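[1] Mind folding the following:
(one chain, ligands or ions: 2)
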Amino acid sequence: MARVKLAPSILNADFRDLARAIAQVEGLADVIHLDVMDGNFVPNITFGPLVVKAVRELTETPLDVHLMIAHPAEFVEDFARAGADWISFHAEVTRHPGEILGLVRNLGKRAGIVLNPQTPAERVFDHLEITDYVLVMTVMPGFGGQEIIPEALGKVGEIKGEARRQGLSLEVEVDGGVKAHNLDAVLDAGADIVVVGSSIYSAPDPRAAAEEIRRVLDMHPGIT
Ligand code: DX5
Ligand code: ZN
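    Residues are numbered from 1 along each chain as shown. Ligands and ions are numbered 1, 2, ... in the order given. Have a look, this model is predicted:
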């Protein structure tokens, strides 16, 4: 029974007090999801290696850095040095994802590739051998607090089926619009890791919200 991992996204956290935001998920999060945006690949700018480094100094929990940037190859090393443990980049920004996956792995980090809702699962099938996890976006990247695009969930099973066909085991992470009311559908789709942002950090009591999500995850058998 594989425990489904919880990846709180701090995008909607109170940035006036990051230490408090991290403490609110400490012990409940399997990884902390950090959404890096460059205002180029997505119409929003968030933060870079400086904030990753600050969060690194606040927690021992692994850091899951989601690069929504146009030129990830140029910055992977900076994020690795800042303390990222997992580094994912978007398949939409390169025709050669294998090169960037290799770069991340050579730095000793877990390498992930991200698919926007409209990008077919097949886009990653040729690279699964050097991929540690695939991040399936269930919202258009750029902002927290959006409604889930349930049609994108089908890709989770497609990717896991293809990985099985290739004799590989890799994890699929679902990111965007995950709430208590749709969590079962996300888990039934086969998600191994769920990113939850505003459902936790826009809640009146983020820790209580994270505990409730954790409780639901721990009740779910997890689908291999
Ligand atoms: C959106 C980010 C997501 C987002 C999740 O571009 O990649 O990680 O912050 O936040 P919610 O859970 O509020 O959709
Ligand atoms: Zn994200």
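
[2] only C-alpha atoms for contact and neighbour calcs from this point on.
    Fine.

[3] Could you tell me how many residues sit around residue 191?
    27 (other Cα atoms under 10 Å).

[4] Would you mind writing the CA trace of the helix ranked longest in the chain as CSV?
    Criterion DSSP state H: the longest helix present in the chain is helix 206-219. Written as CSV, here are the backbone C-alpha positions of helix 206-219 (Å, rounded to 0.1, in the frame of the first residue of the first chain):
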residue,chain,number,x,y,z
PRO,A,206,-3.9,26.0,7.2
ARG,A,207,-2.7,23.4,9.5
ALA,A,208,-6.1,22.0,10.2
ALA,A,209,-6.8,22.0,6.4
ALA,A,210,-3.5,20.1,5.8
GLU,A,211,-4.4,17.6,8.5
GLU,A,212,-7.7,16.9,6.8
ILE,A,213,-6.1,16.4,3.4
ARG,A,214,-3.5,14.1,5.0
ARG,A,215,-6.3,12.1,6.7
VAL,A,216,-8.0,11.5,3.3
LEU,A,217,-4.7,10.6,1.6
ASP,A,218,-3.9,8.1,4.4
MET,A,219,-7.2,6.4,3.9
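
[5] give the contact list for the closest residue to residue 79 other than its chain neighbours.
    Of all residues beyond its chain neighbours, the one nearest residue 79 is residue 49 (5.3 Å), with distances taken as Cα to Cα, 6 or more residues apart in numbering. For residue 49, the contacting residues are 78-79, 82, by Cα atoms under 8 Å, 6 or more residues apart in numbering.

[6] Restricted to buried residues, select those in ChimeraX.
    Entered in ChimeraX, the line below selects the buried ones among the contacts of residue 49, by 16 or more other Cα atoms under 10 Å:
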select :79,82
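
[7] Please flag which of the contacts of residue 49 sit within helices.
    78-79, 82.

[8] ok, so of these, who is nearest ligand 1?
    Closest to ligand 1 out of the ones in helices among the contacts of residue 49 is residue 79 (16.5 Å), distances taken as Cα to the nearest ligand atom.

[9] ok, that closest one touching residue 52?
    Yes: between residue 79 and residue 52 there is a contact at 7.2 Å, judged by Cα atoms under 8 Å.

[10] picking up where we left off before, just curious, which of the ones in helices among the contacts of residue 49 is nearest to residue 37?
    Closest to residue 37 out of these is residue 79 (12.9 Å), distances taken as Cα to Cα.

[11] Check the gap between the closest one and residue 196 for me.
    22 Å (Cα to Cα, to the nearest Å).

[12] which residue ranges form the helices in the protein?
    18-23, 49-56, 76-82, 97-106, 122-125, 154-165, 183-188, 198-201, 206-219.

[13] Mind listing what's buried along the fifth one?
    Going back to what we said before, that points to helix 122-125. For helix 122-125, by 16+ other Cα under 10 Å, it's residue 124.

[14] Get me the contact residues on this protein for ligand 1.
    9, 11, 35, 141-146, 175-178, 196-199 (Cα under 6 Å from any ligand atom).

[15] Quick check on those: which are buried?
    9, 11, 35, 141-145, 175-178, 196-199.

[16] Out of the residues you listed, list just those in strands.
    Residues of these located in strands (DSSP state E): 35, 175, 196.

[17] export those residues to TSV and tack on pLDDT and distance to residue 218?
    Output for those, formatted as TSV (pLDDT from 0 to 100; distance: Cα to Cα, whole Å):
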residue	pLDDT	distance to residue 218
35	98	25
175	98	18
196	98	15
